[in-house]
Each structure stands twice: as structure tokens, then as C-alpha cells.
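Trainee: need a 3D model of the sequence below.
(2 chains)
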Number of protein chains: 2
Amino acid sequence: MSEQFIGVDIGGTSSTVGLVANGKVLERTVVNMAGQNDPERFAEELVQAINSFGSNNIKAIGIGAPNGNFLTGCIESAPNLHFKGNAPLANLVAEKSKLSTFLTNDANAAALGEKRYGCAKEFNDFLLITLGTGLGSGIFANSQLVYGHTGMAGEIGHTIVQHRGRPCSCGREGCLETYVSIRGMERTARKLAHEQDNFEWIQKGSIDPSDIQKAAEAGDQLALQVYDRTAMLLALGLSNSIAHLGSEAIVFFGGIATAGDLLFDPFKKHFEELLLFNFHGKVKVLLSALPQNDAAILVAAALAQHEHH
Amino acid sequence: MSEQFIGVDIGGTSSTVGLVANGKVLERTVVNMAGQNDPERFAEELVQAINSFGSNNIKAIGIGAPNGNFLTGCIESAPNLHFKGNAPLANLVAEKSKLSTFLTNDANAAALGEKRYGCAKEFNDFLLITLGTGLGSGIFANSQLVYGHTGMAGEIGHTIVQHRGRPCSCGREGCLETYVSIRGMERTARKLAHEQDNFEWIQKGSIDPSDIQKAAEAGDQLALQVYDRTAMLLALGLSNSIAHLGSEAIVFFGGIATAGDLLFDPFKKHFEELLLFNFHGKVKVLLSALPQNDAAILVAAALAQHEHH
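Mentor: Now for the predicted structure:
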């Protein structure tokens, strides 16, 4: 019988717990996050969900969480969750489940998942970039995930690409994720609309990526410019990442990545222009090959499998 | 009898070959670089220099060279040397000396040297920054040097800190080393002199770091501004490096680093301001502790010792 692992994906509105074997999700269940402000009670609910699978062949538990710190096993002040300060979720789940439990942030989990089950199996040096509400990253160097001294490495979304640029939620200015994220694309669309006196765009209420995507697909010039600017700043940020790390590949994962060619065609053009000549033609650009509905569970299970062996 | 290693420091005008044991340089000799355009003949001269020490206890040879690639053992198109294309120096020296020979760039060698003999002994994750004609870097993550997929990782000097900024010798614009280097500081001094109609500075012929240092020590406002701007851009670039790597320390090495407090006091102020909050107060800033005259030989020998074991 194959070894089984638990993958837990912690989200703002719901978390998903899945039973995984051989890189496939066998069963899954959802835990509601409304009012979850007590880590201890939340850990109990997670363990109940795990027990509901009725498996006695589970080897370890992996948890992917926003602001998850592998070295401490804590969720550290995640803005979209209701826990106060540091929630020691790995220890709590381990105690209650009697199983080894590992926790890391979404992007590190995604990097481990793409390395084990996805399109990064053969790469010793690669970057995993999650595009969604923010821009997250997991860094593989010398075949190992880079956690850094305090477990908080891989903050490419908070590299400054425009000195004194847009205000960022981190308190600084010009961070990559103020441009390359759902909210960043909305800000770019509004800025262009006002610069160009584009009344059609100025009068829009909320603008989300699907609005921009639909408009771009219909040939709207402003929407296409939003993709081009977003792609250019993503290329600027990642050319700096490659200058640091000399990675063989960049793998994109998550929400905005589904925009596909609208974002990645201009990205590839800008990226080759902005890349240091040493690296021209040497960095593969890939989209996650994991099944979208299962990806977050699979990558969390990959963490469990990686640390268990 | 202690194991002995050879450290070779390749320079533009002369190269130095040293015999090292227990982290001390026992003997040294110099090879003139004038007219050195034949890697084979140069390798012979290096091996003659090594043989002149008369030691039969040498375990391995380490070479630190501009544009040295550890993975290929070649010096790859170094602008200050006269070799055409890629010079396979490690293989040539190994053949002629019958000793294991390893080659890397100056900054990677410096990182290995600080890890083995210097102030980085206890760090698993640190950045080594060389400040001089250019800005070089060696990156340790998870206790290993990061070479990247093609051996060319660690190009922090070619991260772009000002989009569409100063033209760089690499063909792009706004690279960190166009601001933070000997020539970068001269460019900043000239720019400030013209912006401020500062005739005393406008009329200067060549401006080198020692001019700026002397003027700053005498309280010259423009010279102090040059240090402040240089320090700010260095802080911007390195705050991005820390966001990637979560390093425990940054170690500075080489020429400009001798300016000491003039550069590092403003650097530390800007660095804490520009660093992502996760890392505030968590990154040590250190100057190389290796004896300046021996440092380049010692760090090349550290490469030999590291790879030999």
C-alpha cells in the first residue's frame, strides 16, 4: 500500500484538507475559516478533518499557509487570517494528530510541489512565482529550498523595482507586488485610465483581472497596456532574481498565471531585453503543470513527503 | 606537517601566487600580466611560480579570477584581461602541475575565504560583497556557495536599481555597479558638481575614491553627499538581496570598503529604512577581517581547500 500524506491549504475564507498518495488527491474536505481566531481550536478542526478520512497509513502532514514559517512552524501575522501574532500551527496539529507536521508558506510549498510532482522535477536551481492577491516566491538553489536565516527568504514580491514608487502594504514603496498582483493590475488600469482620460475605464467600479482579461481579449488598448506594464515590471524584478541566483527556470503558479499569453508573451519579450547577457536564452519560463483544483493540496503534501524522507 | 594549498589571485596588471598553510601565506611571487594573451603560456608561468616554492606537500590549487566560472574552470571574456573568449585556465594548470585545480570568480573566492578563515565562519546564509572597480558578490545559502545553473550566479552588481538609469558596461541601464563602484562614485561626484554649479569639483581632472575620501574627511559637503547617495543605492540593492535570500550577514571586502564609516554609517541608516520589516535588526553588516595584503591569496587557497576535502 502506498504511503499517504496529508496536504492542508490554508486560505482566507476556507481551508482544504486532502489525503494524497502517489501524487494524487484521494479525498478532500473543507474547513470554514469564518471566526477562526483560536489556533488551538482550528488545529482540532483540522485533525478532525484528517481523521474523517479513516486512513491508518498517513506518514506526515504538510501545511501551506500565508506567512507560514518553516523554521518556527508558525503562521506569522498573516494579514488575511484572524490569528493574533504567531500561531504555532505545526506544533498544535502534531500534538493532536500524533503525526509529524510541517508548515511553510504557499510559495515554498508550491516550489516543493513542482519539484516533486510538477514541471520542475529536473531543475536544481529554479524560481517558483505565485501570482494572485500578492506575488509570492520559493527559491531552489543547489537542489534545496532557500529558507534563509530566519525562515523568511523568498520575498521577491517585496523587492523594490521602482525607488519611491507605489506605496506597499509592507510600509515601503515600489515593491514588485504593488505592480504585479490582482490589486497592482487594477491600480495600473486606473492610472492609465486617468492619464489617457479614458472615460470608459474611469467610470468602472471595481476592476478585477477577469475584466482586464476580457477587455484585452476583445482588443482594448488600455487593457493590453496594463498587461504590457505588468509584464515589464515582472521582467525587471525577475531579471534581478536571475542575476542573484542564475536559475535554470522560472515556474509561474496561481491565479493571474491563468491569463496565459496575454501576460507571458510581453513578459518573455521584456525579460530577454532586461536579462543580463550572461543569461540570455538560458532561463526557461514555464507555467505550473499541476491540476489547478488539486495543486494547493498536492504541494502541501509534497512538503510532508519531502521532510518525511 | 600541515597540508599546503596554492592561492592564485589573477589581476589586470599582475597576478600573485601564494603558498598557504593553516590560513597563513608562507611564500608569494608575482606574475606580470603585460601581454598575457595566451592561456597556455600563462598557465606555464603560473606553474613555474608554484614550483619555485619547492614544496612537495601541496594538495590543490585555487584560482580567483575576474569572470572566473567554477563549473567550466574558464575565465570567460574578462574585460581587464587579454585572453580571447573563454580561457580554460583550471584545466591547463591542472595538466601542467599534476595537481587538482579549481577556479572561480573573485567574489565567490572571497565568500569561501571569509567562511573558512574570516568573519563568516558561523554563518550558513550570508552575502559577500566586493567593492572596487565593480561590485561583485558571492552568495552562501544553506551553507553552500550558490553557483546557479551555469556557474554565473551572484551578479548583484548587475541588478537594476534604477529603471532606465545610468548606462552600464553590460549594455543595460541602472545596474547597481554603475552607482556603487570606483567609477560610479566618480560619476556621482561629477553629476552633483554640475547640478550644484560647484566649480571646485567641476574643474577637477580625474576623481578617484581617495580624492572623495579626503574631501569628505575635511567636511566637504559634496563629497559627503557622494557617500550618502552611494550608500543609499547600495542599501536599496542589498535590501532586495536580503528579500531574496534572508541572509544572516553581509560581509564587505575590497578597495572601497576601506572608506569605512564614511560609507558604512550612511549605509546602515538607509539599509534599515529600506529593509523589509521581517528582516529589521536581523542582518549583521561586517567588514572583512582578513589581512588586506594576503586576502586575495588566502581566499583563492580557501577554494582549493574547500574543494579538496
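Trainee: pretty sure residue A:154 sits against residue A:107.
Mentor: Yes - using CB atoms under 8 Å, residue A:154 and residue A:107 qualify as a contacting pair, with a distance of 6.2 Å. Backbone N, C-alpha and C define where each C-beta goes, glycine included.
Trainee: quick check: neighbours shared by these two?
Mentor: Listed contacts common to residue A:154 and residue A:107 are A:136, A:137, A:138; contacts here mean CB atoms under 8 Å, 6 or more residues apart in numbering or on different chains.
Trainee: neighbours of the first one, how many?
Mentor: Think residue A:136. Residue A:136 sits with 28 neighbouring residues when counted by other CB atoms under 10 Å in any protein chain shown.
Trainee: and it, which helix or strand is it part of?
Mentor: Taking DSSP states H and E as the criterion, the element that holds residue A:136 is strand A:135-141.
Trainee: any part of that strand near chain B?
Mentor: Yes - legend: contact between strand A:135-141 and chain B by CB under 8 Å from any CB of the partner chain is shown at A:139, A:141.
Trainee: now the angle from that strand to strand B:135-141?
Mentor: Regarding strand A:135-141 and strand B:135-141, their directions subtend 80 degrees when assessed with axes from the mean of the first three to the mean of the last three CA atoms, to 10 degrees.
Trainee: against chain B, how distant is residue A:143?
Mentor: Residue A:143 sits 10 Å away from chain B when distances are taken as CB to the nearest CB, to the nearest Å.
Trainee: hmm, back to that, following element in sequence after the strand holding residue A:136, please.
Mentor: Heading C-terminal from strand A:135-141, the first helix or strand you meet, by DSSP H and E, is strand A:144-145.
Trainee: pull up the pairing partners for that following strand, direction included.
Mentor: Applying DSSP bridges to the sheet, strand A:144-145 is found paired with strand A:135-141 (antiparallel).
Trainee: can you verify residue A:46 is assigned to a helix?
Mentor: Yes - per DSSP: H, G, I helix; E, B strand; the rest coil, residue A:46 lies within a helix segment.
Trainee: could you check how far it is from chain B?
Mentor: From residue A:46 to chain B the distance is 26 Å (CB to the nearest CB).
Trainee: isn't that residue up against residue A:32?
Mentor: No - counting by CB under 8 Å, residue A:32 is not a contact partner of residue A:46; they are 11.8 Å apart.
Trainee: and these two? which has more neighbours close in?
Mentor: The neighbour count for residue A:46 versus residue A:32, taken as other CB under 10 Å, is higher for residue A:46 (25 against 10).
Trainee: at the contact with chain B, which residues of the stretch 201-309 of chain A appear?
Mentor: Residues of the stretch 201-309 of chain A found near chain B (CB under 8 Å from any CB) are A:236, A:239-241, A:243-248, A:274, A:276-279, A:282.
Trainee: okay, now residue A:205: neighbour count?
Mentor: There are 5 residues near residue A:205, going by other CB under 10 Å.
Trainee: ugh, wrong one, I meant residue A:269
Mentor: Summarising burial for residue A:269: neighbours were counted as other CB under 10 Å, giving 14.
Trainee: doesn't it fall inside a strand?
Mentor: No - secondary structure assignment (three-state DSSP) places residue A:269 in helix, not in a strand.
Trainee: what about residue A:264, helix or strand, and which?
Mentor: When elements are assigned from DSSP H and E, residue A:264 belongs to helix A:261-274.
Trainee: in whichever helix or strand comes after that helix, what's buried?
Mentor: Proceeding N to C from helix A:261-274, the next assigned helix or strand is strand A:284-287, under DSSP H and E. The neighbour-count check on strand A:284-287 (16 or more other CB atoms under 10 Å in any protein chain shown) flags residue A:286 as buried.
Trainee: distance between strand A:284-287 and the chain's centre?
Mentor: Average the C-alpha atoms of strand A:284-287, do the same for its chain, and the two points are 15 Å apart (CA atoms, centre = their mean, to the nearest Å).
Trainee: what does stretch A:108-115 give?
Mentor: On CA atoms, centre = their mean, the centre of stretch A:108-115 falls 10 Å from the chain's centre.
Trainee: residues making contact with that stretch?
Mentor: Stretch A:108-115 is touched from outside by A:62, A:64, A:68, A:70, A:104, A:120-121, A:123, A:126, A:128, A:130, A:136, A:138-140, A:145, A:147, A:154, A:251, A:253-254, A:288-290, A:295-296, A:298-303, A:306, with contacts defined as CB under 8 Å, 6+ apart.
Trainee: among those, the buried ones, what's the ChimeraX command?
Mentor: Paste this into ChimeraX to select the buried members of the contacts of stretch A:108-115, with burial taken from 16+ other CB under 10 Å:
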select /A:62,64,68,70,104,120,123,126,128,130,136,138,139,140,145,147,154,251,253,254,288,290,295,296,298,299,300,301,302,303,306
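Trainee: and the strand holding residue A:136, average pLDDT?
Mentor: The average pLDDT for strand A:135-141 rounds to 97.
Trainee: ok, residues contacting the strand or helix carrying residue A:298?
Mentor: Remark: residue A:298 resides in helix A:295-308, with elements defined by DSSP H and E. Residues external to helix A:295-308 that are found in contact with it (CB under 8 Å, 6+ apart): A:3, A:5-9, A:16-18, A:20, A:23, A:25, A:28, A:59-64, A:100-104, A:106, A:108-110, A:112-117, A:253, A:288, A:290-291.
Trainee: residue closest to the middle of chain A?
Mentor: The C-alpha lying nearest the average C-alpha coordinate of chain A belongs to residue A:130 (CA atoms, centre = their mean; 3.3 Å).
Trainee: what segments of chain A are helices?
Mentor: A:39-51, A:89-97, A:106-116, A:182-195, A:199-202, A:209-217, A:221-245, A:261-274, A:295-308 (DSSP state H).
Trainee: most tightly packed of the ones you listed?
Mentor: helix A:106-116 (a mean of 29; mean count of other CB atoms under 10 Å in any protein chain shown).
Trainee: tell me the confidence at residue A:169?
Mentor: pLDDT, read off for residue A:169, is 90.
Trainee: need the shared contacts of residue A:154 and residue A:107 in CSV (columns: distance to residue B:81).
Mentor: Rendered in CSV, the data for these read as follows (distance: CB to CB, whole Å):
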residue, distance to residue B:81
A:136, 42
A:137, 36
A:138, 38
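Trainee: just curious, which of these is nearest to chain B?
Mentor: Ranked by distance to chain B (CB to the nearest CB), those are led by residue A:137 at 8.1 Å.
Trainee: residues of the stretch 1-150 of chain A that sit close to chain B?
Mentor: If contact is defined as CB under 8 Å from any CB, the residues of the stretch 1-150 of chain A in contact with chain B are A:123, A:124, A:125, A:139, A:141, A:142, A:144, A:146, A:147, A:148, A:149, A:150.
Trainee: which residues touch the third one?
Mentor: In other words, residue A:125. Going by CB under 8 Å, 6+ apart, the list of residues near residue A:125 reads A:140, A:141, A:142, A:143, A:245, A:246, A:247, A:248, B:146, B:148, B:149, B:153.
Trainee: how many neighbouring residues does the third one have?
Mentor: Translated: residue A:142. When neighbours are counted by other CB under 10 Å, residue A:142 registers 16.
Trainee: try the second one
Mentor: The local packing count at residue A:141 equals 28, with neighbours defined by other CB under 10 Å.
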